[in-house]
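Visitor: Sharing a model that was predicted from the sequence below.
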Amino acid sequence: MTPAWGSTAADIPGETQFLLLELTDGSYGLLLPLIDNGKFRGTLRRPRSGSDDVIIRMESGNATVLTEECTGALLVAASRDPYELLQRGVTAAAALSGTAKHRSSKPVPPSVDVFGWCTWDAMYSKVNAAAIQEGLKALVDGGAPPKLLIIDDGWQQTDVDPVFRHAAASSGCYAGGIGMGDHLEAAKRVEEAAAALLSSPDNNMDKGVHATHTVQLEVRANGSASNTMADKSGSNGNNSSSNGGLFSIVRSWLAAAYDALLSSLRQLEASFLLRCKSLIEAAPANSWQMRLFSTLATGPLKNLLLCFYAEASDHTRRLVSVKANSKFSRPDAGSQFPLNSTEEDLRSVVAHLKKQHGVQYVYAWHAMMGFWGGLSAGEREMAKYRPWLSTPVPSPSLLEVDPAIAWVQPVLSGVCLPADPRPLHNDMHAYLAGCGVDGVKVDVQSTIGVIGSSAGSGPALSAEYHASLEASALKHFGPSPNVINCMCHSTDDLYRMELTNLARVSDDFYPLNKPSHLAHIANCSFNTLFMGEVVIPDWDMMHSKHSKALLHATARAVSGGPFYVSDRPGHHDFAMLRRMVLPDGSVLRCQLPGRPTADCLFADVSHDGKTVLKVWNSNPCTGVVALFNIQGAAFSRALRRFHTHDASPAALTAVVSPADVPTLQGAAELFAVYSDARKEFELLRPNDTQELTVAGNGGSDVLTISPVLEAGDVRVAPLGLVGMLNSGGAVLSCTLSGGEVVPEASQEEEKAAAAAVAVNLSEALPLCTLRIKGGGAFLCYASHKPAAVLVEGREIPFTYDATKAALTFDVPFGATPEQESVIQF
């Protein structure tokens, strides 16, 4: 799901689920297509002719499930306040369409308030117990201890269908780790070209294959034992030294000639695939190019494509057992075991990780239907679920948006579903809970809606699966329950999140896809307008050591969601991590979903060349506005991929005001506004503005906005731990009491006054009492120099710059997460 902007009905993309309008009188309108009768999902689209009518399409996804009327198709609402409108409108649409409740009425998973590490971009499906230990140890040793571990795809017992097992196990596929001589690089190019041709927004295969190749090259160069990709072909050595003389020379010559021939053939193959990609890349969905390739992909090329999928990805694999594979047979098990290996002891692995590395919460990944291809029907353990093969038929609306859905893995290979998802979910979760796992990341949710084309209807099947998932998660991982919903942007899914309260609001974080990073910030912030009313938004993992690490960290700091990285072991920027993570592994999370400010709602922050995206949020005592210059790149609907349209976007000026944060309205007559990039603050009245320059190509800044408290002639505004990106998040409470400040005293009188303060703080003097989370450099605006500063009753040194009215002191890290500080004037 990606945002789009426009001014007429012709600008509305197909499959639009949420339409926010700016009306001519300055108010706001909201159009939300509904799910009618539990079977027909509504979406908006542009008119077919030149009219300015908005069209709503109601689809079951199944050609045999029909209706002549829909009595609940569209919710229309309006308000002067866009955020009040969103809360009221989306909550009502969710109730009318399904069972989902508003975010604020559901428990918050405790894992969102601690730092996490996800294994996916660190090692992909090569994840193993030894590598996890290596990754956790590196982060703990660097001072950023993860309290949440997400074991992503690669821990389960899975296999491809029998007909493709030889291809998956013994092919020359580069991703499998096989290759020798000069044709290795050529094999890599072929695989990446094929992945680019077959990729779609639904599977993003090109990005996954390219990222896997990059990791493999680094691993081969570095030679980490736990991360080594096992070579399925065994040793690459020829042992030719035992066959000396002429035979050895002839053999070496033949091997070199064979290598050269294979390399040439693969180069031709890659060129052909890239040519095919160029022909269909920007072709309209109904063009002859698309129709031709779709016919070939689902006909004569089908088996070849399935063979490639089996070689290059895990998406066609099916679940063999609800238990872990042998990469989790002991705490030091490595990646040498295949995905279908059966010896396991996940319980001892999880216990060791928690005890040895201080992890509090362990989540495990699984697909909504068990695995990407569902269940392996021929396996004895799966027989109890009565699996049946569903062959999805994408709807015309989906094909119009993304014609490549016609040849993605689930469509070509089918998905093997359980007759009833409840026993499957219960068995998976019972096993995981018994192993000490605390929650699950549930992926591929929107695929269930597509599968509904052969199973009643998409909305009905999604409702069945979500009811099963939530009941099982509540039973085994309650009371939150601890679930990260993923690939769940369809209203089929969103409107069924009755109990779960956390969901990914974006496409994946793609470390190596340059244009995706700017687009990621726009997608997350605008998607949160819609999804953030139902769930806490998860803006996905990131890398701390990355060219866009500050951009991503700033976005996570203001998102109101969890913060977790997917760094490869040893590839960390601890200076960056310390700006997000406290030494105890907790984070300073904002209280609300991070959303664009009102003046950015209808500005194209990716294309217009003039608008800086501003995202606002709230902390207990402060507001926060993050600035992002993300002009120059976006997801292109025409190309169906992330695209850079301006390689050198200019620096832009952002205009910021305390009025940008709705929750600060009426909080004070004066505000201190601190810029993280400039390391200084200014005083602004509620409607005053401040201009700030934000660099192009992903420049960012965080502004902490603190209401100025007054007592007599003393004014104070805490700005928080300025070493943290969300500095104001450290201020949990702040009060200012007392009267006039005492006159300037001599040095001896100051010492006597400070001693008296330490024994008995006088109620007659101005007194600022703070409750602070964490430690480090703390900044306050203070109109007067204090007489003393205390933390937990102990006086500490401070500095005061009278020209800037800036009070700074270091809060020591205490034995408890929260500490009381007192500023005596």
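Guide: That came through, no problem.
Visitor: what are the ranges of the strands in the stretch 551-700 of the chain?
Guide: 563-565, 595-596, 613-618, 623-629, 633-636, 641-644, 652-656, 671-675, 680-684, 690-694, 699-707 (DSSP state E, counting those that start in this stretch).
Visitor: same question, the stretch 401-550 of the chain
Guide: Going by DSSP E, counting those that start in this stretch, the stretch 401-550 of the chain shows strands at 415-417, 439-443, 483-485, 502-504, 536-538.
Visitor: about what we covered before: between the strands of the stretch 551-700 of the chain, which one is closest to S737.
Guide: strand 699-707 (15.5 Å; CB to CB). Any C-beta I mention is one placed from the backbone N, CA and C, and that applies to glycine too.
Visitor: Counting by contacts, list what the closest one packs against.
Guide: Where contact means 3 or more CB pairs under 8 Å, 6 or more residues apart in numbering; DSSP states H and E, strand 699-707 is packed against helix 549-559, strand 623-629, strand 671-675, strand 690-694, strand 714-721.
Visitor: Any regions of the stretch 701-825 of the chain where pLDDT drops low?
Guide: 739-763 (pLDDT under 70).
Visitor: For stretch 120-139, measure first residue to last.
Guide: 16 Å (CA to CA, to the nearest Å).
Visitor: out of the strands of the stretch 551-700 of the chain, deepest packed?
Guide: Ranked by mean neighbour count, these are led by strand 563-565 with a mean of 28 (mean count of other CB atoms under 10 Å).
Visitor: I'd like the helices and strands packed on strand 699-707 written out as a markdown table, with distance to A333 added.
Guide: Formatted as a markdown table, the helices and strands packed on strand 699-707 follow (distance: least, CB to CB, whole Å):
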| stretch | distance to A333 |
| --- | --- |
| helix 549-559 | 31 |
| strand 623-629 | 42 |
| strand 671-675 | 48 |
| strand 690-694 | 47 |
| strand 714-721 | 40 |
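Visitor: mind checking which of these is nearest D81?
Guide: Of the helices and strands packed on strand 699-707, nearest to D81 by CB to CB is strand 623-629, at 16.6 Å.
Visitor: Show me what that closest one pairs with in its sheet, parallel or antiparallel.
Guide: Counting by DSSP bridges, the strands paired with strand 623-629 are strand 613-618 (antiparallel), strand 699-707 (antiparallel).
Visitor: so which of the helices and strands packed on strand 699-707 comes closest to G774?
Guide: Using CB to CB, the helices and strands packed on strand 699-707 put strand 714-721 closest to G774, at 5.6 Å.
Visitor: which secondary structure elements does the closest one contact?
Guide: strand 671-675, strand 699-707, strand 709-711, strand 731-737, strand 767-773, strand 776-782.
Visitor: Can I get that strand in PDB, CA atoms only?
Guide: Taking C-alpha atoms only, strand 714-721 is exported to PDB below (Å, rounded to 0.1, in the frame of the first residue of the first chain):
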ATOM      1  CA  VAL A 714      10.700  31.500  36.900                       C
ATOM      2  CA  ARG A 715      10.100  29.700  33.600                       C
ATOM      3  CA  VAL A 716      11.300  26.100  32.800                       C
ATOM      4  CA  ALA A 717      10.900  23.800  29.800                       C
ATOM      5  CA  PRO A 718      12.600  20.300  29.900                       C
ATOM      6  CA  LEU A 719      14.000  19.200  26.500                       C
ATOM      7  CA  GLY A 720      15.200  15.800  27.600                       C
ATOM      8  CA  LEU A 721      18.200  13.600  27.000                       C
END
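Visitor: Out of the helices and strands packed on strand 714-721, flag the one nearest S271.
Guide: Of all the helices and strands packed on strand 714-721, strand 699-707 comes closest under CB to CB, at 38.6 Å.
Visitor: got the angle for that closest one vs strand 776-782?
Guide: Relative orientation of strand 699-707 versus strand 776-782 (axes from the mean of the first three to the mean of the last three CA atoms, to 10 degrees): 50 degrees.
Visitor: With only the CA atoms kept, save strand 699-707 in PDB.
Guide: Output of strand 699-707 as PDB, limited to C-alpha atoms (Å, rounded to 0.1, in the frame of the first residue of the first chain):
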ATOM      1  CA  GLY A 699      18.100  14.900   5.100                       C
ATOM      2  CA  SER A 700      16.300  14.800   8.400                       C
ATOM      3  CA  ASP A 701      15.900  16.600  11.800                       C
ATOM      4  CA  VAL A 702      14.000  16.100  15.000                       C
ATOM      5  CA  LEU A 703      12.400  19.000  16.900                       C
ATOM      6  CA  THR A 704      11.400  18.500  20.500                       C
ATOM      7  CA  ILE A 705       8.700  21.000  21.500                       C
ATOM      8  CA  SER A 706       8.300  21.600  25.200                       C
ATOM      9  CA  PRO A 707       5.700  23.700  26.900                       C
END
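Visitor: for that strand, the distance to its chain's centre please.
Guide: Relative to the centre of its chain, strand 699-707 is centred 22 Å away, using CA atoms, centre = their mean, to the nearest Å.
Visitor: Appreciated, that's everything.
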